[in-house]
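Asker: Generate coordinates for the sequence data below:
(2 chains)
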Amino acid sequence: MNYLRTVWLHLEKELRLEFRSRDALMGMLFFTLLIVVVFSLAFDPTSQPTLARQIAGGLLWVGLLFASTTALNQSWSREMRNGVLDAQRMSPSPPSALFLGKALANFLFVTIVEVILAPIFFIFFNLHILGQSSMLLALLPLGTWAIVVNGTFFAALGLRARSRELLLPLILFPIALPALLAMISAATGILTGETEPQSGLRILGIYDTVYTTVSLLLFETILSAE
Amino acid sequence: MQGLKKASGIALFLATILILIIGFQKAMVAPVDAQQGEVYRIFYYHVPSAISALCFPYINLIGALGYLYFRRKDEIKAAAWDALALAGAEITTVYCTIGLVTGSLWGRVAWGIWWTWDERLTTFLLLWLLYVSYLLLRRFSPPGQTSTLASVLSVFAAVDVPIVYYSIRWFRTQHPSPVFGGGDGAGLDKSMYPAFLWNLAGWFLWGCIMIGFRLISARRERLAELQEAI
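Answerer: Numbers count the residues shown, from 1 in each chain, chains lettered A, B, ... in the order given. Coordinates of the predicted model:
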């Protein structure tokens, strides 16, 4: 109970800070929008509806992955500036609560970006869902959490590294590739209706469970790394 | 004691060289493949390095776990375990690279293309990417934290390998089905076994010896760093 309260306090602090400045949200929104536009120009999907359906899932996730990497780096550097990490190290509260609060806040921000951008994406790519659209309700949170949980962890891991903006994608992308593959296969299954999205969703579920556990267990180690 | 260690190390090294020479001789006189001709002989180098590349990541994981265990208790032991993790990751990367290069050379002749996004090739490429990112993290991370951060990443990578392996199996294929422990048509022709097993043993031992050499040099570096810090 105490643990959940600490998580909630961290989450509340994140939300309050973010809604004062809205830097991360605005940045991610515009960045993902730009990626959608760039890809649309590069592939011209409206004239080839079948191709658009086949590649749209991948493009959306790549855009979100890039956007979240830029925002995730920012989210920890604020803590560095204000000395929150040192305070956390001295306080008796469990470090994984800090991580969980941060990850949940980032999850909410990316979800907001998805909810705003999904309709625009559908219009730009002229998409019609041919499969089970209700599966999107399972796919979006699972896929977002897969990016966010590892992204938050590795942003903290590379926090004190030199060239940390470069380091995060270098570590995050290889680790996230199975999740990306599962997300793309499930999204393509939903959009085209040709394959079942369930196996992709199952892998995402396994991936999320395993990495949430590993991150929670190892976060203390990287917070107090000297 | 030190002299005995050194002598057995040299004996192992010479034995490995001998095994590799026998393996080379057997591979060159093994009967020619009916479909592929002489080019199939790359099999004797491609498959042993690929199998070894799948074993060495565990050495990296063992080293990382050992480091995390001894981190607060015994700095000198921790440094030795970390050196083992580094050696494991470097040799994994080398063997992965050999597997990828020999594989695409063979693929160019056998299939007519250098690369295809087949499950086996993709998993192998991801293994390579994971351990390159591990080595990059070691290079980029702040001094003093390198070992801890790298050990944490090593645990993540070790968890990722099975997920990658199974996820790709379920999804999508050109690479031949598993030769060992596979279904119908699996297994080698009897005439190929001697050459294959000699080479497998030789290249695996060679990798272990390289890990040993790297372990010794990396441990010296770590200890020198520790001494400097004191």
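
Asker: residues making contact with stretch B:76-90?
Answerer: Stretch B:76-90 has contacts (CB atoms under 8 Å, 6 or more residues apart in numbering or on different chains) with B:56-67, B:69-71, B:131, B:134-135, B:138, B:147, B:150-151, B:154, B:210-212, B:214-215, B:218-219, B:221-223, B:225-226. Glycine gets a C-beta too; all of them are placed from N, C-alpha and C.

Asker: just checking: which of those also lie near chain A?
Answerer: residue B:151 (CB under 8 Å from any CB of the partner chain).

Asker: Give me the helix or strand of chain B that scores worst on average pLDDT.
Answerer: In chain B, no helix or strand scores lower on mean pLDDT, DSSP states H and E than helix B:146-171, which sits at a mean of 83.

Asker: now do chain A
Answerer: Lowest mean confidence among the helices and strands of chain A (mean pLDDT, DSSP H and E): helix A:49-81, at a mean of 81.

Asker: so what does that helix touch, helix or strand wise?
Answerer: helix A:23-43, helix A:95-124, helix A:136-157, helix A:164-192 (3 or more CB pairs under 8 Å, 6 or more residues apart in numbering or on different chains; DSSP states H and E).

Asker: switch the cut-off to 6 Å
Answerer: helix A:23-43, helix A:136-157, helix A:164-192 (3 or more CB pairs under 6 Å, 6 or more residues apart in numbering or on different chains; DSSP states H and E).

Asker: any chance of these in a markdown table, plus mean neighbour count, distance to chain B and mean pLDDT?
Answerer: Formatted as a markdown table, the helices and strands packed on helix A:49-81 follow (neighbours: other CB atoms under 10 Å in any protein chain shown; distance: least, CB to the nearest CB, whole Å; pLDDT from 0 to 100):
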| stretch | mean neighbour count | distance to chain B | mean pLDDT |
| --- | --- | --- | --- |
| helix A:23-43 | 17 | 19 | 84 |
| helix A:136-157 | 24 | 6 | 90 |
| helix A:164-192 | 22 | 4 | 86 |
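
Asker: excluding its backbone neighbours, what's nearest the spatially most central residue of chain B?
Answerer: Residue closest to the mean C-alpha point of chain B, counted by CA atoms, centre = their mean, is residue B:53 at 2.5 Å. Once flanking residues are discounted, residue B:53 sits nearest to residue B:95: 3.8 Å by CB to CB, 6 or more residues apart in numbering or on different chains.

Asker: Would you confirm that that neighbour contacts residue B:50?
Answerer: No - taking contacts as CB atoms under 6 Å, residue B:95 lies outside contact range of residue B:50: 7.7 Å.

Asker: more crowded one of these two?
Answerer: Set side by side, residue B:95 and residue B:50 show more neighbours around residue B:95, with 28 against 20, by other CB atoms under 10 Å in any protein chain shown.

Asker: Spit out the contact partners of that one.
Answerer: Going by CB atoms under 6 Å, 6 or more residues apart in numbering or on different chains, residue B:95 touches B:49, B:52-53, B:207.

Asker: So, low pLDDT: which residues of chain B?
Answerer: Scanning chain B for pLDDT under 70 picks out the ranges B:1, B:34-35, B:170-190.

Asker: need the residues of it near chain A, please.
Answerer: With the criterion set to CB under 6 Å from any CB of the partner chain, chain B comes near chain A through B:126, B:129-130, B:133, B:136-137, B:140-142, B:145, B:148-149, B:152, B:156, B:159-160, B:163-164, B:167, B:170-171.

Asker: Measure how buried residue 91 is and give me the count.
Answerer: Answering for chain A, as no chain was given. 11.

Asker: not what I meant, chain B
Answerer: With other CB under 10 Å as criterion, residue B:91 counts 27.

Asker: how near is it to residue B:77?
Answerer: 22 Å (CB to CB, to the nearest Å).

Asker: Now do the strands in chain B.
Answerer: Under the criterion DSSP state E, chain B carries no strands.

Asker: Tell me the secondary structure of residue A:92, please.
Answerer: Using DSSP: H, G, I helix; E, B strand; the rest coil, the structure places residue A:92 in coil.

Asker: Please pick the buried ones from the residues of chain B next to chain A.
Answerer: Neighbour counting over those (16 or more other CB atoms under 10 Å in any protein chain shown) leaves B:126, B:129-130, B:133, B:137, B:140-141, B:145, B:148-149, B:152, B:156, B:159-160, B:163-164, B:167, B:171 as the buried ones.
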